[in-house]
Structure formats: structure tokens, C-alpha cells
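Q: Sharing a model that was predicted from the sequence below.
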Protein chains: 2
Amino acid sequence: MTTPTIYLAGPEVFLPNAAEIGRKKKELCERYGFTGLFPLDNEVDPSLPGADRTIYRGNIAMIDQATAGIFNLSPFRGVSADVGTVFELGRMIALGRPCFAYTNIPEDLLDRIKRNEICTQRDTTYFDHQGYIIEPFRNCDNLMIDASLADQGHPIRRPATGRTELIDDLTLFEECLKDFLITQINTQK
Amino acid sequence: MTTPTIYLAGPEVFLPNAAEIGRKKKELCERYGFTGLFPLDNEVDPSLPGADRTIYRGNIAMIDQATAGIFNLSPFRGVSADVGTVFELGRMIALGRPCFAYTNIPEDLLDRIKRNEICTQRDTTYFDHQGYIIEPFRNCDNLMIDASLADQGHPIRRPATGRTELIDDLTLFEECLKDFLITQINTQK
């Protein structure tokens, strides 16, 4: 059997030590018998013309060849997950691949927004400070994200209540690796 | 020939007058010979248990049956597009359907972030106030989003420089409808 590959998605690619984080994630993958595919494995000089589209196509090729994906859905530049990571999740779910995800904040989207800004309530509906309705579900993020993972049988993993992790913490990443390992074993039964 | 259908994605579903906006978008679709599919067409009582997953499955079914998609990628609760909309874009691109998109703000992601917070620069690299690298490409949003649409031949439409539209403005939505119409005509040649 060939080694299963896992696409490693998340906003860590924007950290100055992205390469180091990628290496750590790939080492953990190996420990569980998998090969990690990290976006920065495709080395592209960002100053070259069309570099963004070269990076895009490289990531798409990696996603399309991967057996599974692990997604860091921690809030990034706002209350929601990194949109690049979410785009990739939408693709992998469409391809029918097993996807696993985690976030570094235990609170629901609703509670996070309520904590960050002045919200209003009318009956059972909450509105953010701009007047947008806030989803009433006890999800980590937009329902499309949470439900896509719950529908696959493995909801987004969160830290224990009251415990916020660093965005590059790998504890829940490793739990996702274990989840994938169990899935693999069950599939082979 | 059956009428082509267009999935109408965007954060307008969170506005109190979402139904009205959906109606307007669908009327515009009809004027161009298309049928619009608006997420709220699937009426689901959000207080019912599992309502989020029912909504998710309804949206997925709509996307999967749609001929094309038009995506409102205006910044929502932060500098980037609504993550629900982006998840759906990732899916439709994966399905190989023609996707068209617009935003209500003409500025690049980099300029928007620089306007909103204190950024630092080292050589040619910009960092946001949390130390994350900001993509140097002159894109509306994360490169995965912009490049997916550019690769299909129709980049994200933006308002003219200096002109910010309301998030529910339909001027560029209508331009996307025209783009799809032209695509349809060219395909039939």
C-alpha cells in the first residue's frame, strides 16, 4: 500500500517561521505513517510575475493528489478562519476526501463576536455592530464550515473551555492525525 | 435548452432584508435568461435541532445542481470575504463550473490592511500588526480566491478606484451576469 498523504492547510504559511512549522507538522505526519504535503513545499519566488497563480496551481495540484486534509481553522485577521484555508476545505470536501480540522479557540462564533463588539438582540436573534445577523448555532464558524466536517463524522476539534492555544500549537493537529489513523484502520476492516 | 441556473452566494444572507435582496438578484437573473438559486429559497426554521446541517445540505444540493455561480466577495466582518461564500466558491471551482465574482471595495488586500492597522515593512515584505506576512500580490483577497477566478478567465470585478459600494449594491452583480451571458454565447458557437 502506498503511504497516504495529508494536505496541511492553515494560516501558518503567513508566519515568519512557516517553514519550521511545516517541518514539525510533516514530522508528526511521519510518526503516524503518513506523508504531509505543506503548501510551501512548492518553492515559488513571490516577486516573479504571475507568482500568485503559480502558487495557486501548485496548491490545487497538492490538494487533488492528497488522500486527506487537516485544516487549521483558528480565527485569522478577524472572527473567522483564514479564507485561503476555507477555500481549500471547500475543494477537498467537494472531492469527497476525508477532512479533519481544529481551531485554537474554544468559544462559539456567537460568543467570540459578542466578546469583541457591541451586539444587539431582538427576540432570539443576535446582530453584530454592523447589523448583520449572527448565526445562532453553537458552531466554531460559519455553518458551511462546521457542518461540512460534522457531516463527515468528525466535527472541528476545539481546546477545552477557557483554554486558548497559540495558532501554531500542534496538540489538536495531532488529535486530527489520530482521527485519520482510526479512519484508515476502520476502512481497511 | 433548459434555463441555466446560477447559485447566488454572498454575505447578504446575514442582512435583515436578505429575502428582498435575493428577490432582486433573482429578478436580474431572469432578465438575462437565467434562474437564480438563492440560499434562503430553502426555508429552514433555525430553531429546529440540526437546522445548521439541514441548511448546509440544502446549499450543497443547490450548488451541485447550478450551472454557474456568482459570488459577492466583499469584505465581511474583517478584511476578507465571508468564509461561507468562500467555502462555496472552493466547491464550485472544484466542480469545474464557471464562477464569477465581485467585491464592493476597489483596494487591494494589502492596502486595506495597511489602512486599518499599523503594519511594518522589512525589505519588500509587509507584516500586519500581529506579525503575519501580508501577501504582496495586488489581489482583492487571499491568492487562492483571486487566482481561482483569474484562472477561469474572469478575475474578481471591483468598483472604480476611490469608489466603495454598499455590500448589497447590484451594479457589479449585473456585470457578472453579463459575463456569464457572454460565456454562454461563446460556448454555443
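A: Thanks, I have it. Numbers count the residues shown, from 1 in each chain, chains lettered A, B, ... in the order given.

Q: For chain A, which segments count as helices?
A: A:18-31, A:51-65, A:83-94, A:109-116, A:143-151, A:171-188 (DSSP state H).

Q: looking at these, which is buried most?
A: Among the helices of chain A, helix A:83-94 has the highest mean neighbour count (mean count of other CB atoms under 10 Å in any protein chain shown), at a mean of 27. Every C-beta, even on glycine, is put in place using the N, C-alpha and C of the backbone.

Q: Only alpha carbons, please: show that one as PDB.
A: Extracted C-alpha coordinates of helix A:83-94, given in PDB (Å, rounded to 0.1, in the frame of the first residue of the first chain):
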ATOM      1  CA  VAL A  83     -10.200  32.300   3.700                       C
ATOM      2  CA  GLY A  84      -7.500  30.600   1.800                       C
ATOM      3  CA  THR A  85      -7.700  27.600   4.200                       C
ATOM      4  CA  VAL A  86     -11.500  27.600   3.800                       C
ATOM      5  CA  PHE A  87     -11.300  27.700   0.000                       C
ATOM      6  CA  GLU A  88      -9.200  24.600   0.200                       C
ATOM      7  CA  LEU A  89     -11.600  22.900   2.600                       C
ATOM      8  CA  GLY A  90     -14.400  23.600   0.200                       C
ATOM      9  CA  ARG A  91     -12.400  21.900  -2.600                       C
ATOM     10  CA  MET A  92     -11.400  18.800  -0.600                       C
ATOM     11  CA  ILE A  93     -14.900  18.300   0.700                       C
ATOM     12  CA  ALA A  94     -16.200  18.500  -2.900                       C
END
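
Q: Other residues contacting that helix?
A: Outside helix A:83-94, the residues that touch it by CB atoms under 8 Å, 6 or more residues apart in numbering or on different chains are A:7, A:9-11, A:13, A:59-60, A:63, A:66, A:69, A:71-73, A:76, A:80, A:99, A:101, A:144-145, A:148, A:152, B:80-81, B:83, B:86-91, B:93-95, B:141-145, B:148.

Q: give me that answer again for 6 Å
A: For helix A:83-94, the external contacting residues (CB atoms under 6 Å, 6 or more residues apart in numbering or on different chains) are A:9-10, A:63, A:69, A:71, A:99, A:148, B:80-81, B:83, B:86-87, B:90-91, B:94, B:142, B:144-145.

Q: now swap in stretch A:62-80 and tell me
A: In contact with stretch A:62-80 (CB under 6 Å, 6+ apart) are residues A:4-7, A:9-11, A:37, A:81-82, A:85, A:88-89, A:91-92, A:97-101, A:103-104, A:112-113, A:141, A:167, A:176, A:180, B:77-79, B:83.

Q: Chain B contacts on chain A?
A: Contact residues (CB under 6 Å from any CB of the partner chain) of chain A with chain B: A:14, A:46, A:52-53, A:56, A:77-81, A:83-84, A:86-87, A:90-91, A:94, A:132-133, A:136-137, A:142-145, A:147.

Q: the residue most distant from the middle of chain A, which is it?
A: Using CA atoms, centre = their mean, the residue of chain A lying farthest from its centre is residue A:123. It sits 33.1 Å away.

Q: residues touching that one, list them.
A: Residues near residue A:123 by CB under 6 Å, 6+ apart: none.

Q: Then residue A:148?
A: residue A:93.

Q: who's the most centrally placed residue in chain A bridged to?
A: In chain A, the C-alpha closest to the average C-alpha coordinate belongs to residue A:71, at a distance of 2.4 Å (CA atoms, centre = their mean). Bridge pairing for residue A:71 (DSSP bridges) gives the partners residue A:9, residue A:101.

Q: From chain B, how far out is it?
A: Shown here: residue A:71 relative to chain B, a distance of 11 Å by CB to the nearest CB, to the nearest Å.

Q: what does residue A:74 give?
A: In this view, residue A:74 and chain B are 12 Å apart by CB to the nearest CB.

Q: And for residue A:170, the neighbour number?
A: Residue A:170 has 18 neighbouring residues, counting by other CB atoms under 10 Å in any protein chain shown.

Q: Can you pull out the low-pLDDT segments for chain A?
A: A:1, A:189 (pLDDT under 70).
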